[in-house]
Each structure stands twice: as C-alpha cells, then as structure tokens.
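Visitor: Predicted coordinates and the sequence they were generated for:
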Amino acid sequence: MNDCIFCKIMKGEIPSEKVYEDDDVFVIRDIDPKAEKHYLMIPKRHYKTIAEMTDDDAAALIRGLRRIPGLVDRLGLSGGYRLVINQGDDAGQTVFHLHVHILGGQPLDFPDLRK
Ligand code: 5GP
Ligand code: ZN
C-alpha cells in the first residue's frame, strides 16, 4: 500500500518514535496524544479492518498484544492501560491500516458517549 501512512512509517519513509518491534508488530508513539501515554500497536502486514483480518493476522495481533504486559514499565503504563481499535466512520477511524491504540499514564475517564 504505497499511500498508507503506517506502511511508510514501517519502511522508515516517515519518521516516528518507535518504542517496540518484533516480527509481527511495531509500536510507535502517537503523533497527537489523547492521554499522557498514547501508543499505536501496528501489525506489519497491511490490512484495513477486522473484517479483512485473516486467521494468521489474528494470531499475529494476539502475539503482539501479549507482549504489552512486558513493556508496561518501560512505557509508563504500569498503572493500567486501555486498548482501542477504531473501526469505520462512526468510530472515527482515520488510518485504514488496522492498529491498536494503547492509552494510559493517568486514570482514564470512560465517558457516556451518548451525551
Ligand atoms: P484512528 O483515528 O485511525 O483510530 O487512529 C489514527 C491515529 O494515528 C491517530 O491517533 C493519529 O494521531 C495517529 N497518526 C496519524 N498520522 C500519524 C503519523 O504520521 N505518526 C504518528 N506517530 N501517528 C500518526
Ligand atoms: Zn499500511
């Protein structure tokens, strides 16, 4: 995907602050943080949404998520964290390369989104 921001970041064509990488995923600091700590876990294989995810993609993402507990001290998330995957327009997905937001570093409000 030539025009995908996250593929370009993965290839080093766009700079980012990478805090973790393995064969399945990489983790960068979000450029526009919505919490004291805000990272993005990005699968190395490009796919847009959960609807496009293969069984291999699911296994790779779960392997990535299972690395997070080992990273919490270094990433400032030892108090807890929240994982968010925005899917589609109502969720406000802006980058169509599946990614998991990792939010923490503070107590996280859980607002009633109907208001
Ligand atoms: P979405 O809205 O698709 O769930 O999340 C996309 C996220 O990517 C946003 O939180 C946005 O701040 C982040 N983002 C967009 N462009 C860049 C970039 O070039 N570098 C980094 N580090 N984050 C980005
Ligand atoms: Zn991509």
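Guide: Looks like it arrived, so ask away. Ligands and ions are numbered 1, 2, ... in the order given.
Visitor: ok, which residues in this structure are in contact with ligand 2?
Guide: 1, 4, 6-7, 46, 97 (CB under 5 Å from the ion). Every C-beta, even on glycine, is put in place using the N, C-alpha and C of the backbone.
Visitor: Those: which two are farthest apart?
Guide: Spatial extent of those (CB to CB) is set by the pair M1 and F6 at 8.7 Å.
Visitor: more neighbours, those two?
Guide: For M1 versus F6, the count of surrounding residues by other CB atoms under 10 Å is larger for F6: 22 against 12.
Visitor: does the more buried one count as helix, strand or coil?
Guide: helix (DSSP: H, G, I helix; E, B strand; the rest coil).
Visitor: again, but for the one 10 residues further on
Guide: The three-state label for S16, taken from three-state DSSP, comes out as coil.
Visitor: now the residues of the chain next to ligand 2 in TSV, with distance to Q87?
Guide: Converted to TSV, the residues of the chain next to ligand 2 look like this (distance: CB to CB, whole Å):
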residue	distance to Q87
M1	18
C4	17
F6	15
C7	19
H46	16
H97	12
